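Chemist: Predicted model, plus sequence, below.
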Amino acid sequence: MRIHPEYEWKKITPDDGHYFFGYYDRNPWNCDGSRHLTLKAPQCERLPLPGETAEIGLLDGKGGYEPLTRTRCWCHQQGSMELFLPRRPDCFIYNDFDPEEQKPVARIFQIGKGVVGRYERPIYAISPDGRYGVSLNFGRIPRRGYSYADTPVPPERHPADPDADGLWLIDLGTGVSRLIVSYRTMLERHPFRYGAEQAYVWLNHAIFNCDSTRLLWLFRQCADPARMTGCCWQTFMYTCGLSGEDAECVLPEVYWHNRISHQIWGRTPREVLVDADWRGTGHEVVVFDESRRPFLAERLSPGHGRMSHLVFSPDGKRLLSDSYPAGGIQELHLIEADTGRCTLLGRFRHEQPAGTIVEVRCDLHPRWSPDGKRVTVDSIHDGRRGIYLLELE
């Protein structure tokens, strides 16, 4: 399948297995853009099993692959959260499971040496300035395409001690972590607390803003964590500064329900970007200032009308916007931030065997290179999962 008649996409992973990076809200490249992290999965037909490992390695952008280490903490949507450390350019981190302590951790891998250290909590994201990581309890995530097989879902609907679990900030220099927003605080500041009292609750999708001063994350709840078919959960987006003291829900379920699929920070420290269908005419590219009261959103672009992972280019002038499969086809678009103009970059066939569960699907999850000149996506259009690169300039 030709992805686009004008744009030259090239596969940068070998043909000997299933390769992918993971989520759209992070940078897979090292600081000079010469190496791209990847996960090599043993299979893409079912959820990982406890103890099942995947391989982590580096791509050179020309088809070369160097295997480096293995992990027990991985999933088909987000990989193992493998990320280069901005302040240690020859090192990257990845989540793994410690079988002796029976807990997930984040290991530090130095290229040329191997594992040289670890953080005592798994990493969800790293701040752009490289000072901090954010962590949460992966075991509470009932959507198993976004959590780990070795961290089973607990039976308690709320954490046993709501003062001892929540959103954690990790100092990447010292390794010290501290709880900045507890589940108790989130529940106390929940706009519909009565609706969460009997629900199963968890956290997901924690992201640092552009100047490393604030965090956003999703507080989610459902009636039954064992029945996660369809969109049966409710979503409440919270934000806070790094102290956590000003944590509040800025986008409750009434804005979210069947209207937004994804969120990410924007070009300024308070700007948030979402794919919102608030007019009921299709998903549009919308931004808002999370500190403004009353709430006020602005449309940046009509987009392409479908649910999308959105991410600004490093200079804030363009956005990448993909789509979920429709008629077996995924699309990737480039949006100009100043005009809203939307340009098709590629169409990718997405066909999986009948009965394949949705949690192992392959989203494009578009990602920019640090210089904004290259784009990579994960795709299965040639029959197996691989990473594809497009040179934009």
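Modeler: Happy to help now that I have it. Numbers count the residues shown, from 1 in each chain.

Chemist: C-alpha from now on. contacts and neighbour counts both.
Modeler: Will do.

Chemist: Quick check: next helix or strand after the helix or strand containing Val274?
Modeler: Taking DSSP states H and E as the definition, one finds Val274 inside strand 271-276. Next in sequence after strand 271-276, counting helices and strands by DSSP H and E, comes strand 283-289.

Chemist: I'd like the average pLDDT over that next one.
Modeler: Mean pLDDT, strand 283-289: 96.

Chemist: Start at 53, not 1
Modeler: Happy to do that; since the first residue is 53 now, the last one works out to strand 335-341.

Chemist: Given the next helix or strand after it, what are its sheet partners and their directions?
Modeler: Scanning the chain past strand 335-341 towards its C-terminal end, the next helix or strand to appear is strand 349-357 (assignment: DSSP H and E). Using DSSP bridges, the strands paired with strand 349-357 in its sheet are strand 335-341 (antiparallel).

Chemist: Counting neighbours, which bits of the partner strand end up buried?
Modeler: For strand 335-341, a neighbour-count test (16 or more other C-alpha atoms under 10 Å) marks His335, Glu336, Val337, Val338, Val339, Phe340, Asp341 as buried.

Chemist: how big is the angle separating it from strand 323-328?
Modeler: Inter-element angle recorded for strand 335-341 and strand 323-328: 160 degrees (by axes from the mean of the first three to the mean of the last three C-alpha atoms, to 10 degrees).

Chemist: now the helices for the stretch 253-402 of the chain?
Modeler: All helices of the stretch 253-402 of the chain, identified by DSSP state H, counting those that start in this stretch, fall at 305-308.

Chemist: For stretch 124-133, list the C-alpha coordinates in PDB.
Modeler: What follows is stretch 124-133, C-alpha atoms only, in PDB (Å, rounded to 0.1, in the frame of the first residue of the first chain):
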ATOM      1  CA  ARG A 124       8.400  -7.100  31.800                       C
ATOM      2  CA  CYS A 125       6.500  -3.800  32.000                       C
ATOM      3  CA  TRP A 126       5.100  -3.100  28.600                       C
ATOM      4  CA  CYS A 127       1.800  -2.800  26.800                       C
ATOM      5  CA  HIS A 128       0.700  -2.400  23.200                       C
ATOM      6  CA  GLN A 129      -0.500   1.200  23.500                       C
ATOM      7  CA  GLN A 130       2.300   2.800  25.400                       C
ATOM      8  CA  GLY A 131       5.300   0.500  25.200                       C
ATOM      9  CA  SER A 132       7.400   0.600  28.400                       C
ATOM     10  CA  MET A 133       7.500   4.400  28.600                       C
END
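
Chemist: Now do it, average pLDDT.
Modeler: Across stretch 124-133, pLDDT averages out at 97.

Chemist: Same question for stretch 256-265.
Modeler: Stretch 256-265 shows a mean pLDDT of 98.

Chemist: what separates it from the chain centre, distance-wise?
Modeler: Here stretch 256-265 is found 11 Å from its chain centre; the criterion is C-alpha atoms, centre = their mean, to the nearest Å.

Chemist: for that stretch, which positions count as buried?
Modeler: For stretch 256-265, a neighbour-count test (16+ other C-alpha under 10 Å) marks Asn256, His257, Ala258, Ile259, Phe260, Asn261, Cys262, Ser264, Thr265 as buried.

Chemist: From these, which land in strands?
Modeler: Residues of the buried residues of stretch 256-265 located in strands (DSSP state E): Asn256, His257, Ala258, Ile259, Phe260.

Chemist: Need those in JSON lines (columns: distance to Cys292).
Modeler: Written out in JSON lines, the entries for those read as follows (distance: C-alpha to C-alpha, whole Å):
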{"residue": "Asn256", "distance to Cys292": "15"}
{"residue": "His257", "distance to Cys292": "14"}
{"residue": "Ala258", "distance to Cys292": "11"}
{"residue": "Ile259", "distance to Cys292": "11"}
{"residue": "Phe260", "distance to Cys292": "10"}
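
Chemist: Go through the residues you listed and name the one nearest Leu442.
Modeler: Within these, distances to Leu442 taken as C-alpha to C-alpha reach their minimum at Ile259, with 25.4 Å.

Chemist: Counting neighbours, what do you get for the nearest residue to Gly218 once chain neighbours are set aside?
Modeler: Closest residue to Gly218 apart from its sequence neighbours, by C-alpha to C-alpha, 6 or more residues apart in numbering: Ser234 at 4.4 Å. Other residues within reach of Ser234, judged by other C-alpha atoms under 10 Å, total 19.

Chemist: swap in the one 10 residues further on?
Modeler: Counted by other C-alpha under 10 Å, the residues lying close to Phe244 total 13.

Chemist: Identify the farthest-apart pair in the buried residues of strand 335-341.
Modeler: In those, two members sit farther apart than any others by C-alpha to C-alpha. They are His335 and Asp341, at 19.0 Å.

Chemist: ok, back up a step: show residues contacting the strand holding Val326.
Modeler: By C-alpha atoms under 8 Å, 6 or more residues apart in numbering, the list of residues contacting strand 323-328 from outside reads 311-318, 334-342, 359-362.

Chemist: mind redoing it with 7 Å?
Modeler: Counting by C-alpha atoms under 7 Å, 6 or more residues apart in numbering, the neighbours of strand 323-328 from elsewhere in the structure are 311-318, 335-342, 359-360.

Chemist: for it, the distance to its chain's centre please.
Modeler: The gap between where strand 323-328 is centred and where its chain is centred comes out at 15 Å by C-alpha atoms, centre = their mean.

Chemist: okay if I get the buried residues of stretch 256-265 as CSV plus distance to Phe136?
Modeler: Written out in CSV, the entries for the buried residues of stretch 256-265 read as follows (distance: C-alpha to C-alpha, whole Å):
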residue, distance to Phe136
Asn256, 21
His257, 19
Ala258, 17
Ile259, 16
Phe260, 15
Asn261, 17
Cys262, 17
Ser264, 16
Thr265, 20
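
Chemist: any idea how far the residue lying closest to Tyr171 once chain neighbours are set aside is from Arg140?
Modeler: If you skip the residues right next to it in sequence, Tyr171 has Ala158 as its closest partner in space, 5.0 Å away by C-alpha to C-alpha, 6+ apart. Applying C-alpha to C-alpha, to the nearest Å, one obtains 15 Å for the distance of Ala158 from Arg140.

Chemist: Alright, I will stop here.
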